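**Q** Any chance you can model this:
(chains A, B and C)
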Amino acid sequence: MSISLPTYTRREMPLLGRRHRVRAIITTGLRREFKRPAVLVVIGIGVGVTIISSIVIVLFAGVFLQGQPLDLSFFFTPASNGAILFFVTLMASVVGSALIADDLQSMALTLYLSRPITEGDYLAAKAAILAPMISMIAVFPLVLTPLVAALLGSFSWTIAVEAIGLSFLIGSLFTAFYTAATLALSSLTRRKSYAAAGVFALTFGLTIPAGILAGPPFNNPAVLYASPWENYLAVARAAFGAPSAPIDWRWSLAILLVATAIAALATYLRMKFVEVVSG
Amino acid sequence: MLRRPVEGTIVLVETKNLTKVFGEVRAVDDLSVAIPEGAIGLVGPNGAGKTTFLRLLLSLLQPTAGTAKVLGRNILDGVPLRERIGYMPEHDCLIPDMTGVGLVAFMGRVSGLDADSAIGRAHDVLQFVGVEEERYRKVAEYSTGMKQKVKLAQSMVHDPQLYIFDEPTTGLDPRGRTEMLDLVRAIASSPGRNVILSSHLLPDVETICKYVVILDGGHQIAAGDLHDLLTGAADRLRIDIRGDREAFVQRLREAGLEAEAGPTGVHVGRRPGVEAEVFQAAKALGAEVRYMGREIRSLEEFFLELVARNEGKGA
Amino acid sequence: MTGVVEAAGISKWYGEVLGLNGFSASFGPGITGLVGPNGAGKSTLFKLLIGQLHSDQGTLRLLGENPWNNVPVKRRLGYCPEHNTLYGWLTGQQFVEALLRLDGMPRSRAEKAAEDALKLVGLSSAAQRPTRTYSRGMRQRAKLAQALAHRPEILILDEPLSGADPLARVQILRTISDFAKAGGHVLMSTHVLYEIERVTNNIVLINNGKAIAAGDIHSIRALIDEHPHAVRLETPQPRQLAQALARMEHIVSLEIPEEDALLVRTRKPDAFYRELPAIVADTRLEVRSLESPDDSLDAVFRYLVG
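**A** Have a look, this model is predicted:
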């Protein structure tokens, strides 16, 4: 016989390491995103549109792209699909803009940082929530296209495997850039809508004017370096061996990598010094 | 004014020349303290450096100079230190679209509990703080009192050795205040568990804490066992009298006692037989004695005296 | 006798949500504390008193007049809302001055009046700083200054102490007491019951939109029959004292909780206190201290609201 009353209870189990704590933030975060209708819509339409358009290009390559040799350089075409840019931006703003801004708004950041994790752990977890969501659009369709093309017999497996590897690399580069840039914007404000607007400004505010200024009558291709999308295209052209871009792919690659690193560092410093306590 | 804890007691927090400077503000200024284990009150006016001090203890800020140890560990080892601390911030900090139990379990996992244990403990601590079936609703729908309880529960979920409570009764109504203070008291009296309670409501600190640290301008201006700090004032009796107060005081003076009327009652110098004189005087005047007791300084009186003296020195 | 505030059966509904439900009370002069749980209707009552809302039923009189849409009566009251947001870019001086100008005071007089009010609350040294740099205690005092500056007859203060540090609390309570001593009336709410007791014994207890008690705390306590009044006496001879006190017919119980103490429960505390001195003096028993653990606002609140 025994009685036991609800009272202050002691913990008996030992604490697990930091990797488990970070994983807890990631899984909880991803589960939350997959419950949000807006996220499901963006995933559905975004992945659908990019994959379908890529496969249509493969099926009707001979009709639409006359003069396009059916070698590795063919795969630049699906990688340069404008839908990727649009849906990556949409995904980054729907998911990413809230990731840190919401924690600043609710001041839950204090709760995270008073736990036994570091600022770096927190950011790594947030990046690990956003990156898979963006890669569903920036990586997955690109990798799928050569696979489908090879299965349909339009391309040899040698070319397809090489295209899959290259697609994965350049898709990851683009994902990394958008993840870092979005988190940096999200850490700067308490309002996710401001961060979302920032993501759109980053995409279209830089890409469209750069495109205009590079063309006639201005003919100033150097401004294309300002556009993340053009830099990505330059790297992709070089990777797939497509006709070369008006800008040097080496500079473009350097710009994307440095911008990603700077955004990550800025976010980290912001986390380190942000004063959440308002009173 | 620095008082060392009694020999043999275990030190909870020890700082040496701890300093934190923000721009030109020295929020914590050359602070050397040794705080014993137990229930500790941290008090001070706004800008005294309390919040900065707490954030240094949590290793959320890096000191500009000096060193500090909490539970025997250097405050620079953030992660292992925070495994042993539960923090309840003053401001809102809950994630609004999570359920109470989901949030507490999540915070348990971020502290290192495995997923199953975290849910079990989340239910245990929510039961302890008195969040019943509301625990399945979203935090956004909670009343202030319920949110405060969830904030308390999340600080308990990993069973820390040190609890840091920053103004835990903010925004609570009388019933909520009583419940919260009872919970804080229950935690403070569990063996092996320490509490640092930072509050502007000094009577609350008085009823919960055994030891108090008073900060002003980033310095410690007093610290010690609360009972020791507050007694030692003039040994007097305070009497609350209904009836002719003036005549009552007059009569006690005639009996050779030191008596004076103040805003909180009649104060009489203590000596053997003084109580009998009080009842004699009341009987003679037909007055009622509503309260009679030893006069103990309140923490507030003590605090105000100290801060005034400290300002005098600074000027 | 008419009170400063007279409420007779006032009700206010926000759709289906209860604001006040047949609230009747009469209180003032001097300081009155308004206490009750969250959602009891305190803020609704304040808004009705300052004329911001119109009651659905009943009549309300403030200083003898209906406050709804009544500008002259607004000049006679000063109000501190609960929330702590000020126009952060204004200095304390500008903030109080601007509100005085809204009152119709000419610039020259407004400047002086604002200075005086800020001095009264102890904010003179910070008067030229923007209010966004103020701590919460300073914000509370700035709000109190603007409520006082036009020399109203009644102050209506919603949680004037919340968030204030101990120094600011003392300053605010002193300002309120001085205002009342000079003949002003004050209605203030707070959740920290012992703070009300420091400035007044008069309270209005509000719950579920009704006034469930109004008047002197000790008188209200004496009316609560189901909880007999407890008095704890410290004495080296508890048994003899118990015997002596047992003669009083209103005693409910006598208990010896510790070797040197006696706990008395009585239905008639007034009679008990009246008779006690003679009994103690005549029997020559030693009584070292006397206190009533449940004669406080805290006890009244616990017994009436739960």
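**Q** Name all residues that make contact with residue C:267.
**A** Applying Cβ atoms under 8 Å, 6 or more residues apart in numbering or on different chains to residue C:267 gives the contacts C:225, C:228, C:229, C:250, C:252. The C-beta positions use only the backbone N, C-alpha and C, and glycine is treated the same way.
**Q** rerun that using 7 Å as the cut-off
**A** C:225, C:228, C:250, C:252 (Cβ atoms under 7 Å, 6 or more residues apart in numbering or on different chains).
**Q** same check, this time on residue A:148
**A** A:55, A:58.
**Q** what about burial for the contacts of residue C:267, which qualify?
**A** Among these, those scoring as buried are residue C:228 (criterion: 16 or more other Cβ atoms under 10 Å in any protein chain shown).
**Q** Which positions in the lengthiest helix in chain A come out as buried?
**A** The longest helix of chain A (DSSP state H) is helix A:157-188. Buried residues in helix A:157-188, counted by 16+ other Cβ under 10 Å: A:159-160, A:162-164, A:166-167, A:170-188.
**Q** Next: stretch C:173-181.
**A** C:173, C:175, C:176, C:177, C:179, C:180.
**Q** the strands in the stretch 101-250 of chain B, which residues?
**A** B:162-166, B:194-198, B:211-216, B:219-225, B:236-242 (DSSP state E, counting those that start in this stretch).
**Q** Around chain A, pick out the residues from chain B.
**A** B:51, B:58, B:60, B:78-79, B:82-83, B:87, B:89-96, B:106-107, B:109-114, B:117, B:121, B:124, B:127-128, B:154, B:158-159, B:186-187, B:190 (Cβ under 7 Å from any Cβ of the partner chain).
**Q** what residues are up against the spatially most central residue of chain C?
**A** The centre of chain C sits closest to residue C:33, judged by Cα atoms, centre = their mean, with a distance of 1.6 Å. Shown in contact with residue C:33 (Cβ under 7 Å, 6+ apart): C:188, C:190, C:196, C:200, C:202, C:203.
**Q** Can you name the two of those residues that sit furthest apart?
**A** Greatest spacing in the contacts of residue C:33, by Cβ to Cβ: C:190 and C:202 (13.8 Å).
**Q** out of the strands of the stretch 101-250 of chain B, nearest to residue B:29?
**A** Per Cβ to Cβ, nearest to residue B:29 of those: strand B:219-225, 5.8 Å.
**Q** got the angle for the closest one vs strand B:211-216?
**A** Relative orientation of strand B:219-225 and strand B:211-216, computed by axes from the mean of the first three to the mean of the last three Cα atoms, to 10 degrees: 170 degrees.
**Q** Put together CSV for the strands of the stretch 101-250 of chain B, with mean neighbour count and mean pLDDT on each row.
**A** Output for those, formatted as CSV (neighbours: other Cβ atoms under 10 Å in any protein chain shown; pLDDT from 0 to 100):
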stretch, mean neighbour count, mean pLDDT
strand B:162-166, 23, 95
strand B:194-198, 25, 95
strand B:211-216, 24, 93
strand B:219-225, 20, 90
strand B:236-242, 20, 86
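**Q** Output those in JSON lines; the columns should cover distance to chain C.
**A** JSON lines is the format used below for these (distance: least, Cβ to the nearest Cβ, whole Å):
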{"stretch": "strand B:162-166", "distance to chain C": "12"}
{"stretch": "strand B:194-198", "distance to chain C": "11"}
{"stretch": "strand B:211-216", "distance to chain C": "10"}
{"stretch": "strand B:219-225", "distance to chain C": "13"}
{"stretch": "strand B:236-242", "distance to chain C": "7"}
